[in-house]
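*Asks:* Next comes the sequence, and after it the predicted model I'd like to discuss.
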Amino acid sequence: MSPSVNKMKNKPVQPSTNKSDGSDTVLRVLDSLLTDPGQKRLTGSQATIILDALANSNDRALVIRFPAVLSICARNGVVLNSHALFSKYWESSPKKQNLEKLLLISAELFDLEGIESPKNLKKIASSLKAKYGSLLSTKMLALSSGISISIRDIQNTLKDYTALTKIVVTALKPGKPEQEPTLDTLNHSVDLQAALERLFSPKQKNLVFKKLNRMPFTKTEREYYSRVVRKKLVSIANSEVSYVAKTLTQK
């Protein structure tokens, strides 16, 4: 983790009046939130700033994290405020439309994957569906910045984040307070290393830690991770699999 992210760990977010500095702050907070699942807390005002910044970014790698931020909102009990999200834009604003489309596709993906969505998202999405129809059937989501985002990439990012969050939770040791470990703790956990070695090949385990630490993949690694490793992680994160494992190992 970068020094700038470390500095953000125990600091509340203060919106900046400087546009460039404000944008940098948003990205640092986002990086910190997604790197330490469960450790960070997000307020409604922070969520509004970050979601707006992602919706209007011209960086695909940032935009596809939009539903992951919504997942953090759900975990923190954040109620989405439609007035706060949309009030600064006029009705036909392209930036407002970006935000609307990403909220709608995120809501559809939460329903499709059976993932808990933040409060008020379904209500917001219901009104947007009348305007845009279902976006699940489209392969690409066109945004006003001139870029198109793959619906599959958005979906996979949401799956990866929720799977990672569940792995962090299950990595907690029995008898310890219910506080999720930091990324540094996971990287140095002997128990986690041993558990992953029982489930994954050395190559697969290496990709798990690369993904956990948000290190770049080669094209071959990315394809292999998506095709093989991520599917294993999704299976491990399945609540019924977790129940069966706990039931059988406690006897």
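*Replies:* Thanks, I have the structure now.
*Asks:* helix, strand or coil for the spatially most central residue of the chain?
*Replies:* Residue closest to the mean C-alpha point of the chain, counted by C-alpha atoms, centre = their mean, is Ala68 at 2.2 Å. Classification of Ala68 using DSSP: H, G, I helix; E, B strand; the rest coil returns helix.
*Asks:* Please name the nearest non-neighbouring residue to it.
*Replies:* For Ala68, ignoring the flanking residues on the chain, the nearest one in space by C-beta to C-beta, 6 or more residues apart in numbering is Tyr161 at 4.0 Å. From N, CA and C alone the C-beta is placed, and that goes for glycine too.
*Asks:* count of neighbours near that neighbour?
*Replies:* By other C-beta atoms under 10 Å, the residues close to Tyr161 number 19.
*Asks:* And it, how close does it get to Tyr89?
*Replies:* Distance from Tyr161 to Tyr89, counting by C-beta to C-beta, to the nearest Å: 27 Å.
*Asks:* same thing with Ser148?
*Replies:* Ser148 is 21 Å from Tyr89, where distance means C-beta to C-beta.
*Asks:* So these two - more neighbours on which side?
*Replies:* The residue with more neighbours, out of Ser148 and Tyr89, is Tyr89; 16 against 13, by other C-beta under 10 Å.
*Asks:* quick one: pLDDT of the more buried one?
*Replies:* We have a pLDDT of 90 for Tyr89.
*Asks:* any idea how far Leu136 is from the residue nearest to it when sequence neighbours are not counted?
*Replies:* In space, Tyr89 comes closest to Lys96 once its chain neighbours are excluded; the distance is 3.6 Å by C-beta to C-beta, 6+ apart. Distance from Lys96 to Leu136, counting by C-beta to C-beta: 21 Å.
*Asks:* For these two, indicate the residue with more neighbours.
*Replies:* Lys96 (20 against 13).
*Asks:* In a helix, Tyr231, correct?
*Replies:* I think there's a mix-up here, since residue 231 is Lys and not Tyr. Yes - per three-state DSSP, Lys231 lies within a helix segment.
*Asks:* Tally up the residues packed near it, please.
*Replies:* Neighbours of Lys231 under the rule other C-beta under 10 Å: 13.
*Asks:* Assess the claim that Lys205 and Arg198 are in contact.
*Replies:* No - between Lys205 and Arg198 there is no contact under C-beta atoms under 8 Å: 9.9 Å.
*Asks:* who's more crowded, these two?
*Replies:* Lys205 (18 against 7).
*Asks:* In three-state terms, label the more buried one for me.
*Replies:* helix.
*Asks:* Skipping adjacent residues, who's closest to it in space?
*Replies:* In space, Lys205 is closest to Leu196, 4.8 Å off (C-beta to C-beta, 6+ apart).
*Asks:* Next: Lys131.
*Replies:* Spatially, and ignoring its direct neighbours in sequence, Lys131 is nearest to Glu100 (7.2 Å; C-beta to C-beta, 6+ apart).
*Asks:* check contacts around that neighbour.
*Replies:* 86, 128, 131-132 (C-beta atoms under 8 Å, 6 or more residues apart in numbering).
*Asks:* Also Gln193?
*Replies:* Counting by C-beta under 8 Å, 6+ apart, Gln193 makes contact with Lys205.
*Asks:* my read is it is in a strand, agree?
*Replies:* No - applying three-state DSSP, one finds Gln193 to be helix, outside a strand.
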